[in-house]
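Colleague: what would the 3D arrangement of this be:
(one chain, ligands or ions: 2)
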Amino acid sequence: MESHSSLSSSSSSSPPSSLSSESCCVKVAVNVRPLIGDEVTQGCRECVSVSPVTPQVQMGTHPFTFDHVYGSNGSPSSLMFEECVAPLVDGLFHGYNATVLAYGQTGSGKTYTMGTGIKDGTKNGLIPQVMSALFNKIDSVKHQMGFQLHVSFIEILKEEVLDLLDSSVPFNRLANGTPGKVVLSKSPVQIRESPNGVITLSGATEVPIATKEEMASCLEQGSLTRATGSTNMNNESSRSHAIFTITLEQMRKISSISVVKDTVDEDMGEEYCCAKLHLVDLAGSERAKRTGSGGVRLKEGIHINRGLLALGNVISALGDEKRRKEGAHVPYRDSKLTRLLQDSLGGNSKTVMIACISPADINAEETLNTLKYANRARNIQNKPVANKDLICSEMQKMRQELQYLQATLCARGATSSEEVQVMREKIMKLESANEELSRELHIYRSKRVTLDYCNIDAQEDGVIFSKDDGLKRGFESMDSDYEMSEATSGGISEDIGAAEEWEHALRQNSMGKELNELSKRLEEKESEMRVCGIGTETIRQHFEKKMMELEKEKRTVQDERDMLLAEVEELAASSDRQAQVARDNHAHKLKALETQILNLKKKQENQVEVLKQKQKSEDAAKRLKTEIQCIKAQKVQLQQKMKQEAEQFRQWKASQEKELLQLKKEGRKTEHERLKLEALNRRQKMVLQRKTEEAAMATKRLKELLEARKSSPHDISVIANGQPPSRQTNEKSLRKWLDNELEVMAKVHQVRFQYEKQIQVRAALAVELTSLRQEMEFPSNSHQEKNGQFRFLSPNTRLERIASLESMLDVSSNALTAMGSQLSEAEEREHSLHAKPRWNHIQSMTDAKYLLQYVFDSTAEARSKIWEKDRDIKEKKEQLNDLLCLLQLTEVQNREILKEKKTREQTVSIALASTSSSYSVFKFNPYFHTKIQNSLLGISP
Ligand code: ADP
Ligand code: MG
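Modeller: Ligands and ions are numbered 1, 2, ... in the order given. Purely as a prediction, here's the structure:
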């Protein structure tokens, strides 16, 4: 299908001689790699901004538009293959040549992007992806056609084409260990041009490929060879171009396309086509750095890679529409690279350039150069042509047309009006059914929506409440956190101390209370006991006495009774009247005595009862006693505990105080460090500001000069009012022009100097920032690190320092970007002067002679000035030396004085010690003390 459409479209739009030709621009994509390790440690900032919507890259005030921008904020780099390279791979199968060029300064990611590196290119790079896509496509169409694949891998180094796949020659670019000319035992690869203008490489190995693995191994082998060579030789890979070429030849049987049944043309034959895909990892685009010795610039032209220079000129020639239309000469033959890529640039190829850039501000100059270069390349128009056998193609085209016509005819004939009618009816039925179903669906949907709403309403109240609670809690916890943090950020140790003390007081208080309680209880018990004890003893004695008395009384009463009874019996025996009376008396008495005895008995019983009571109270007293003992023991225990606690607290407090003292000491130290740091901050900022201001001024002046140059063209011999300028005005303008030129040079030098200084300053700041940040992250390690200078920084001070470092870095970054951009401008101007040499516009010998004289005069003057300055410097140096000698002398003297003072002090202290021990009179007399001291130190009062 694809081939059909491309063929039919081309047949209508292009002349028959250039089959399937269409002119198309070189596609340019920018790939912004992330900041890498080295740049991060130097504290680089990103200085390019990418707008993702329009594929645009902006640097400073320069916006550049491209076909695609990857990385940074642009599209992800993973899309690069699909968007830029996959169409080229497809094109190969239709016979279109293609080229992918990776351009950019060293380290911008060209090798990474192409996948020609041995380290990280094997999977993500474009070439490995090309291989996969190529073999997938071949797998899917191999039943239709035959394929033949070849690859070659070459490198262009110092205008020498080297074969990276030649396994017979060990790749030895080093003769006797010094970087020098390439040593190859075989004759080097030659570039040939066939009569029909096709460029070929003779002598380069073309490896036939059958599988993806074979191709990958070729890539690996070549990359390895390149890398080995470059490590031997001061990283020459940044000065070499690597070209990996895949050649695809196809033989297609055309007969199988026929649509008409049972008609297979036997004589249709085969179509052959061949296409090449060049995958180019270009040399680093950076210019060699100038040396600044005496302001004389190195002859940089030599150091610019010839291939890249020629490529730039080719791009300029092709990219300038006016020059292209005028049929200006395109200098393909200026270098091997441009000769090899002749077709890729303005010729028969679909070409994609991938401009690789680093976003780091230290690379601002080169990045801007790359962007300008790449932007010019976008204007190049190519004319890709499918490389097919001409007659075959013509025939095939006609055949396809025939088939197409036949197919249409067939389609028309096959469908009768009856069938059409039946179909229409069927469609109508189906459509009405569809409508019905849609309606039903709609109804169900709306029902569901209302149901959902109901559900949500039902749930909502509860949900809201719980959410609210959660929120509240969140706030509360936040508040408390805040308070906590506030407390800790203030006098932490004091607060902790207060809390501890308070707790201790509380504990002591509660124990004291317990003790009081115990004491009170003890007292109570003891008084109780006392009451019991006193009562029982006396009562007992009292009762015992009473009992005894009672007993005695009882006994006397009993005796009396017994006597009476005996008398009564005696009387009974005598039995007379008197006796009768006496007997009655006695009976009476007896009765009284009986009652008395009874009374006494009762009393005795009472006494027994009382004694029982007493026993009981004694028991109670015993109990009380044990209780009292127990309480006493408790009391002792408690007192001991209190004592212990107090001791512990005392110890704790002592340690706290010690710690506090330590902290205070450290605090003083930290404060001191902080002050020191603040001063340093201020000083650094001032220095940075001064440097930046100087740089800004130089940059501004350079900008003005460059702009002035731009607005007034090179021609100095301006013809005023149609008259040739007078001799004087001419000379004046010549002088002015030369001065201007020289000033530009000087300013460029100055700006570059500042630029490099700024990078150094920035790197130092960045190192400090990184170590501070690391300390913040892993504070435990901080003491082990030998970061030395500021070890005692409190977190706050550290944060302050970090902030100030960051702001300084920002300032530095901006300055760097500005300088880089101006340097790039100057570079561009210088470059344009290459195309049109500086002296071109000097038209007469008189002018030249005048200018020469002027240059001579200026040089002589400059030299004399330099001599004067040198002499000045010499004088200053001598003065400095004198001063240094003086300083040394003073230091020596100072040291001696200090030593003397020390010895005197020692003598004083020894003398004082002996005096105080022998003369107690002086012991406490401060007057004598000072007097002695003074006399010993040699001070008169
Ligand atoms: P060049 O070939 O232009 O000199 P390289 O491809 O060797 O540059 O890349 C330089 C460094 O940058 C390498 O260490 C590489 O891993 C890294 N790099 C380049 N591009 C990327 C990227 N897109 N992502 C991560 N690292 C990259
Ligand atoms: Mg590289």
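
Colleague: and L506, how many neighbours?
Modeller: Close neighbours of L506, defined as other CB atoms under 10 Å, add up to 10. Quick note: C-beta positions are derived from backbone N, CA and C, even for glycine.

Colleague: tell me how far it lies from R838.
Modeller: L506 sits 93 Å away from R838, going by CB to CB, to the nearest Å.

Colleague: could you do Q105 as well?
Modeller: When CB to CB is applied, the distance between Q105 and R838 equals 26 Å.

Colleague: these two: which has the busier surroundings?
Modeller: In this view Q105 and R838 are compared by other CB under 10 Å, and Q105 has more residues nearby, 22 against 13.

Colleague: name the helix or strand for the more buried one, please.
Modeller: Take DSSP states H and E as the rule and Q105 turns out to sit in neither a helix nor a strand.

Colleague: what's the pLDDT at whichever residue of the stretch 501-650 of the chain sits closest to ligand 1?
Modeller: At 58.0 Å from ligand 1, E503 is the closest residue in the stretch 501-650 of the chain, using CB to the nearest ligand atom. As predicted, E503 sits at a pLDDT of 78.

Colleague: next: the one 5 residues further on.
Modeller: Looking at Q508, its pLDDT reads 81.

Colleague: tell me which element it falls in.
Modeller: Element membership for Q508, per DSSP H and E: helix 492-574.

Colleague: what does the stretch 301-450 of the chain put close to ligand 1?
Modeller: Within reach of ligand 1 by CB under 6 Å from any ligand atom, the stretch 301-450 of the chain has these residues: C356.

Colleague: what ranges does the stretch 301-450 of the chain have for its strands?
Modeller: Under the criterion DSSP state E, counting those that start in this stretch, the stretch 301-450 of the chain carries strands at the ranges 350-357, 381-382.

Colleague: quick check: the residue of the stretch 501-650 of the chain closest to ligand 1 vs E160, distance?
Modeller: Computed as CB to CB, the E503 to E160 distance reads 86 Å.

Colleague: so between the two, which is more surrounded?
Modeller: A side-by-side neighbour count of E503 and E160, using other CB under 10 Å, places E160 first with 15 against 11.

Colleague: wait, that one touches P188, no?
Modeller: Yes: counting by CB atoms under 8 Å, E160 sits close enough to P188 to count as a contact (6.0 Å).

Colleague: can you name the residue of this structure nearest ligand 2?
Modeller: Nearest residue of the chain to ligand 2, counting by CB to the ion: T111, 3.2 Å away.

Colleague: so where is the stretch 701-850 of the chain shaky, pLDDT-wise?
Modeller: Counting by pLDDT under 70, the stretch 701-850 of the chain contains low-confidence ranges at 710-725, 779-793, 831-837.

Colleague: can you rerun that using 50?
Modeller: The stretch 701-850 of the chain contains residues with pLDDT under 50 at 714-720, 782-788.

Colleague: and if you look at the stretch 1-150 of the chain?
Modeller: In the predicted model, the stretch 1-150 of the chain carries pLDDT under 50 at residues 1-21, 121.

Colleague: output the set of residues of the stretch 101-250 of the chain in proximity to ligand 1.
Modeller: Those residues of the stretch 101-250 of the chain that sit near ligand 1, judged by CB under 6 Å from any ligand atom, are 104, 106-112, 117, 120, 238.

Colleague: which positions in the stretch 351-500 of the chain make contact with ligand 2?
Modeller: With CB under 5 Å from the ion as the criterion, the stretch 351-500 of the chain does not come near ligand 2 at any residue.

Colleague: how about the helices of the stretch 351-500 of the chain, start to end?
Modeller: Under the criterion DSSP state H, counting those that start in this stretch, the stretch 351-500 of the chain carries helices at the ranges 364-377, 390-414, 417-489, 492-574.
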